[in-house]
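Colleague: Let's see this in three dimensions:
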Amino acid sequence: MQFLKILFWCLLAFLAAAFTIGNWVAVPIRLPGGLVADVNLPVLLAVTFLAGLLPTLGWQAARRWRLKQRLMTCERVLAETRAAQQTGAAAPITPLAPPIADPSAPPAIGA
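Modeller: Numbers count the residues shown, from 1 in each chain. Below is the predicted model:
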């Protein structure tokens, strides 16, 4: 499996190098104030790729951090609950949501 990963990355690097060599042309970019910047096409594509990739990676890292924090909180509560049950102390159980009425039951009169 490691060989296939290496082969894949080598093939991808070869294709990127071939694209870069074949498309090494200057692309004019019009900037504010009447300025024109000549940027090589592969550099421009790399910058635009990173401009889309980096915010996505940042969002993913933040989401992963939040989920780890929630998981650690749940694990801590679970450990405290297990410790309380093992010592014999009755920990009060609080429901997370109010109970849902049975939809097939007849409605209560006067409610």
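
Colleague: and the gap between the residue nearest to the spatial centre of the chain and residue 54?
Modeller: Centroid-nearest residue in the chain: residue 60, 2.4 Å away (criterion: C-alpha atoms, centre = their mean). As judged by C-beta to C-beta, to the nearest Å, residue 60 and residue 54 stand 11 Å apart. C-beta here means a position set from N, CA and C on the backbone, and glycine is covered the same way.

Colleague: Next, the residue nearest to the centre of the chain: secondary structure please.
Modeller: With DSSP: H, G, I helix; E, B strand; the rest coil as the basis, residue 60 sits in helix.

Colleague: Same check on residue 85?
Modeller: Assigned by three-state DSSP, the conformation of residue 85 is helix.

Colleague: Residue 36 too?
Modeller: Applying three-state DSSP to residue 36 yields a three-state assignment of strand.

Colleague: Just list whatever residues bridge to it.
Modeller: Beta-bridge partners recorded for residue 36 (DSSP bridges): residue 30.

Colleague: ranges for the helices of this protein?
Modeller: Here the chain has its helices, by DSSP state H, at 2-22, 41-87.

Colleague: For the first one, name the packing helices and strands.
Modeller: Spelled out, it's helix 2-22. Helix 2-22 sits against no helix or strand, with contacts defined as 3 or more C-beta pairs under 8 Å, 6 or more residues apart in numbering; DSSP states H and E.

Colleague: got the angle for it vs helix 41-87?
Modeller: For helix 2-22 against helix 41-87, the angle between stretch directions is 150 degrees (axes from the mean of the first three to the mean of the last three C-alpha atoms, to 10 degrees).
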